[in-house]
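> Provided below for reference: sequence and predicted model.
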Amino acid sequence: MIKIDLRLFVTLSGYLPENNESLEIHGDTTVEKLIMNLGIPDELVKLIFINGKRRDRAYLLKDGDRVGLFPPVGGG
Amino acid sequence: MEVSKFKERYDRNFNTFSPEEQKKLGASSVVIIGLGGLGGGVCEMLARVGIGRLILVDGDVFEVSNLNRQVLSEERLIGVPKAEAARDRVKSINSGIEVIHRIEFLGEKNLYEQIKGSDVVMDCLDSIDTRFKLQDAAKKASIPIVSGAIAGVTGQVTTIFPEDKGYSLIYGEKSRKQIQGVETKTGNIAYCALFTAALQSSECVKILLNRGDLLRNKLLIAELWTNIFEVMDLV
């Protein structure tokens, strides 16, 4: 098991699990799998940041990663 | 403007800006696309900062539902074109600014015409699809874009130069399917709109003065419920 710091933004925040700042997950979890495990509809996630860098869904999560997921924000 | 008036008007801009930099802003031309929550704030701040020429574009008129956040909206202006209200506001702040206002909705055809000849494009639009079209037009015209977007109390800002990938890094590759922003569910809150507009205005000044650090290939994200302010690397 590894621990990640998970932040879900805007409308995704409703899917935030407890202990999100120190969330235990399996060591073989990709971002895609994490999104699925959280029950977030796939099309809602537009941007993935790991430790402040944009990444894609295939990224394999590592212990201590800071993970931020964003929906599309386009208002003016 | 005569020298004494110039010094007095911009007295409190000095010496954050040098007199030479202030003159440079006065010789600059900025086009603001969209005059809602973001564009109204940008319009106000760029007028006060001393941009010499502002082109203000929006096809909409004010509605009652704009009053919660759009700084140019007033009860007496319901039904009035936003571009007209923006022009009047700028002129009331600084009659020396050259203002061109255009009451037009934006399509692929007229976007290039609206922005060409400007030094910076301020993207204050409320549609992700139109943002992609604006980016195409700005690439063609070789003009940098400062983009702001908001939903609820979350704001994001980035700066896109013509050679940059830009919106595909934020919204994914342009697809036929329309991308619906989550602001349709969250609405937009006044302080988030104006906060994001302030960051956009700052980026615009930095581009014009070739000074400071730009949010190029970066996305500044602000989330005001949890006080997250972070600059993310897009590449």
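Looks like it came in fine.

> would you map the strands across chain B?
Assigned by DSSP state E, the strands in chain B fall at B:29-33, B:53-57, B:98-102, B:120-123, B:145-151, B:154-160, B:218-223, B:228-233.

> most packed of those?
strand B:145-151 (a mean of 29; mean count of other CB atoms under 10 Å in any protein chain shown). Where you see a C-beta, it was placed from the backbone N, CA and C, and this is true even at glycine.

> mean pLDDT and distance to B:T130 for the strands of chain B - can I get that in TSV?
TSV is the format used below for those (pLDDT from 0 to 100; distance: least, CB to CB, whole Å):
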stretch	mean pLDDT	distance to B:T130
strand B:29-33	98	8
strand B:53-57	98	11
strand B:98-102	97	15
strand B:120-123	98	9
strand B:145-151	98	12
strand B:154-160	98	15
strand B:218-223	98	19
strand B:228-233	97	23
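
> make TSV out of the ones you listed and add distance to chain A.
Formatted as TSV, the strands of chain B follow (distance: least, CB to the nearest CB, whole Å):
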stretch	distance to chain A
strand B:29-33	9
strand B:53-57	12
strand B:98-102	17
strand B:120-123	8
strand B:145-151	4
strand B:154-160	5
strand B:218-223	6
strand B:228-233	5
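
> gap between the nearest residue to B:L25 once chain neighbours are set aside and A:G76?
Of all residues not flanking B:L25 in the chain, B:G50 sits nearest, at 4.7 Å (CB to CB, 6 or more residues apart in numbering or on different chains). Using CB to CB, to the nearest Å, B:G50 is found at 24 Å from A:G76.

> and stretch B:79-89, which residues are buried?
Within stretch B:79-89, the residues that count as buried by 16 or more other CB atoms under 10 Å in any protein chain shown are B:P81, B:K82, B:A83, B:E84, B:A85, B:A86, B:R87, B:R89.

> distance of B:N188 from chain A?
To chain A, B:N188 is 5 Å away according to CB to the nearest CB, to the nearest Å.

> for burial, what's the neighbour tally of that residue?
A count of neighbours around B:N188, defined by other CB atoms under 10 Å in any protein chain shown, yields 24.

> now swap in B:I78 and tell me
13.

> beta partners of it?
Going by DSSP bridges, B:I78 is paired in beta bridges with B:F62.
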